[in-house]
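*Asks:* Provide a 3D model corresponding to the input given below.
(one chain, ligands or ions: 2)
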Amino acid sequence: MTQAPKNLQTIETHILELQSMHPSASGDFTGLLSDITFAAKVISREVNKAGLVDIIGATGDQNVQGEVVQKLDEFANNVFLKCLGTRNQVCIMGSEELAEPVFIDSEGGSGNYIVVFDPLDGSSNIDANVSVGTIFGIWKRKSRRNKVDKEDLLQAGCEQVAAGYVIYGSSTMFVYTAGHGVHGFTLDPSLGEFLLSHEHITTPFTGKIYSVNEAYEPQWSPEVREVVRQIKYGHDTKSQRTDAPTSGAGKSTRYIGSLVADFHRNLLYGGIYLYPPTKNKTQGKLRLMCEAAPLAMIAEGAGGYASDGKQNIMDIVPTDMHMRVPLYIGSRGDVMWIENELSKKG
Ligand code: AHM
Ligand code: MG
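*Replies:* Ligands and ions are numbered 1, 2, ... in the order given. This is a model prediction of the structure:
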């Protein structure tokens, strides 16, 4: 008997199905996710044109229409601010590009959701046609008062109601979780639709890849240096916890230097991404709210794990929107092994 082909599903219908699981839902959350997918399409279109800028003669500050050419990260930031601010469901927007959060008060009172995002992570790679990405986390406000404040903003990763990223690569993919699995959608540019391509993504418990900028080795602590050495050359299986990797074989390096791209590859194939503290950057480089916590929610939703070397990234309560954290993220067994080794040593 011939099996009927699977139905094509757009991200909109997928999000609506999610809403139908919550009969009391107002539609605000659904609307917000759909605003984000729209922003992703606009950014994707612009990122894909990036290489053309020089050929069509738009050098300096003006393009061929005489409009000011924005840097792509600024452009992506403005797209997010414009797309998310229009409805009444968002009360605070925080961006890696903005020093301060944007508090939105409207006549009907503030909306219920806080969105923190990195509009275009890894944008220094764009000129070399390397994949870049957008990362976002969504929280619900805690206060019942009309006015929201910083307490609503500074919530731990485990309080997120949804998180996701968009990778602008050989194709554009939107990956998100709202607590019911991690799902990936690929943009069909001819339709302008994200189509479900990776349903229920799960990541291997251990992987063969490690991604770290090893040029910082001289600036790492001896403990981090030893952990990376063991990842590279293999480690003594007798001293491990039972749920940690059982293979003593070393891993291979893959490092693009573009977090979303490195994370996405490791999520699909299995592996770990590391951004340890260095002498100069004692908290690493990556930001908790707009990078580490959203990707940690995705990792956990797919069976992986994220740590700052001592604790679950999802448990860290930010003291500032731009707070930075060391990050070890990816396959659960590998990250737990790192956390275990680092906490043993200090
Ligand atoms: P950005 O937010 O300024 O783009 O920086 C974040 C990027 C990540 O995409 C990437 O993983 C990391 O910085 C690379 O840093 P480094 O060049 O120190 O290895
Ligand atoms: Mg960034």
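
*Asks:* list the contacts for the residue of the stretch 51-200 of the chain at minimum distance from ligand 1?
*Replies:* The nearest approach of the stretch 51-200 of the chain to ligand 1 comes at Gly122, 3.6 Å away (CB to the nearest ligand atom). Any C-beta I mention is one placed from the backbone N, CA and C, and that applies to glycine too. Residues counted as contacts of Gly122 (CB atoms under 8 Å, 6 or more residues apart in numbering) are 130-133, 256-261.

*Asks:* give me that answer again for 6 Å
*Replies:* 132, 258 (CB atoms under 6 Å, 6 or more residues apart in numbering).

*Asks:* what does stretch 208-215 contact?
*Replies:* Stretch 208-215 is contacted from outside by 231, 251-252, 254-255, 262, 266, 271-274, using CB under 6 Å, 6+ apart.

*Asks:* Determine the number of other residues adjacent to Asp152.
*Replies:* Per other CB atoms under 10 Å, the neighbour tally for Asp152 reads 22.

*Asks:* OK, contacts around it?
*Replies:* Residues near Asp152 by CB under 6 Å, 6+ apart: 114, 141-143.

*Asks:* By neighbour count, which of those wins?
*Replies:* Ranking these using other CB under 10 Å puts Ile114 first, with 28 neighbours.

*Asks:* ok, it touching Ile138?
*Replies:* No: applying CB atoms under 6 Å as the test, Ile114 and Ile138 come out as separate, 7.1 Å apart.

*Asks:* just to revisit the earlier point, need the buried ones from the contacts of stretch 208-215 selected in PyMOL.
*Replies:* Remark: buried members of the contacts of stretch 208-215, expressed as a PyMOL selection using 16 or more other CB atoms under 10 Å:
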select buried, resi 231+251+254+255+262+266+271+272+273+274
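
*Asks:* now, which of the contacts of stretch 208-215 lie close to ligand 1?
*Replies:* By CB under 6 Å from any ligand atom, the members of the contacts of stretch 208-215 lying near ligand 1 are Asp262.

*Asks:* What about the residue of the stretch 51-200 of the chain closest to ligand 1? Give its phi and psi, please.
*Replies:* Phi and psi for Gly122, reported as degrees, to the nearest 10, are phi 80, psi 20.

*Asks:* how about the strands in the stretch 101-250 of the chain?
*Replies:* Using DSSP state E, counting those that start in this stretch, the strands assigned to the stretch 101-250 of the chain run over residues 102-103, 113-121, 132-140, 160-168, 172-177, 182-188, 193-198, 209-211.

*Asks:* Adjacent strands (with direction) for the last one?
*Replies:* Its sheet considered, strand 209-211 pairs with strand 252-253 (parallel), strand 271-275 (parallel) by DSSP bridges.

*Asks:* could you measure the residue in the stretch 151-300 of the chain that ligand 2 sits nearest to against ligand 1, distance?
*Replies:* Taking CB to the ion, ligand 2 has its nearest neighbour within the stretch 151-300 of the chain at Glu291, 5.5 Å off. As judged by CB to the nearest ligand atom, to the nearest Å, Glu291 and ligand 1 stand 7 Å apart.

*Asks:* Assign that residue to helix, strand or coil.
*Replies:* helix (DSSP: H, G, I helix; E, B strand; the rest coil).

*Asks:* So what's the residue count around it?
*Replies:* For Glu291, the count of nearby residues is 28 (other CB under 10 Å).

*Asks:* show me the contacts for it.
*Replies:* Residues counted as contacts of Glu291 (CB under 6 Å, 6+ apart) are 118, 135.

*Asks:* Go again with 7 Å.
*Replies:* 118, 121, 135, 259 (CB atoms under 7 Å, 6 or more residues apart in numbering).

*Asks:* for ligand 2, what are the nearby residues on the protein?
*Replies:* Within reach of ligand 2 by CB under 5 Å from the ion, the chain has these residues: 118, 121.

*Asks:* Tell me where the chain is predicted with low confidence.
*Replies:* 1, 4-5, 23-24, 51-70, 85-86, 106-109, 145-146, 236-249, 345-346 (pLDDT under 70).

*Asks:* would you list every one of the helices in it?
*Replies:* 11-20, 28-49, 72-84, 150-153, 222-233, 259-269, 293-301, 332-345 (DSSP state H).

*Asks:* got the angle for the fifth one vs strand 271-275?
*Replies:* Using axes from the mean of the first three to the mean of the last three CA atoms, to 10 degrees, the interaxial angle of helix 222-233 with respect to strand 271-275 works out to 150 degrees.

*Asks:* And for the third one?
*Replies:* Taking the same axes, to 10 degrees, one finds helix 72-84 and strand 271-275 inclined to each other by 110 degrees.

*Asks:* Quick one: residues contacting the closest residue to Tyr176 other than its chain neighbours.
*Replies:* With CB to CB, 6 or more residues apart in numbering as the criterion, Tyr176 has its nearest non-adjacent residue at 3.1 Å, and that residue is Gly164. Neighbouring residues of Gly164 by CB under 7 Å, 6+ apart: 136, 174-177, 294, 298.

*Asks:* try 8 Å this time
*Replies:* Contacts of Gly164 by CB under 8 Å, 6+ apart are 36, 135-136, 174-177, 294, 298.

*Asks:* So what sits opposite it in the bridge?
*Replies:* Where Gly164 sits in a bridge, its partners, by DSSP bridges, are Phe136, Tyr176.

*Asks:* how much space between it and Lys147?
*Replies:* For Gly164, the distance to Lys147 (CB to CB, to the nearest Å) stands at 28 Å.

*Asks:* From what I see, Ala292 and His322 are in contact.
*Replies:* No: taking contacts as CB atoms under 8 Å, Ala292 lies outside contact range of His322: 11.9 Å.
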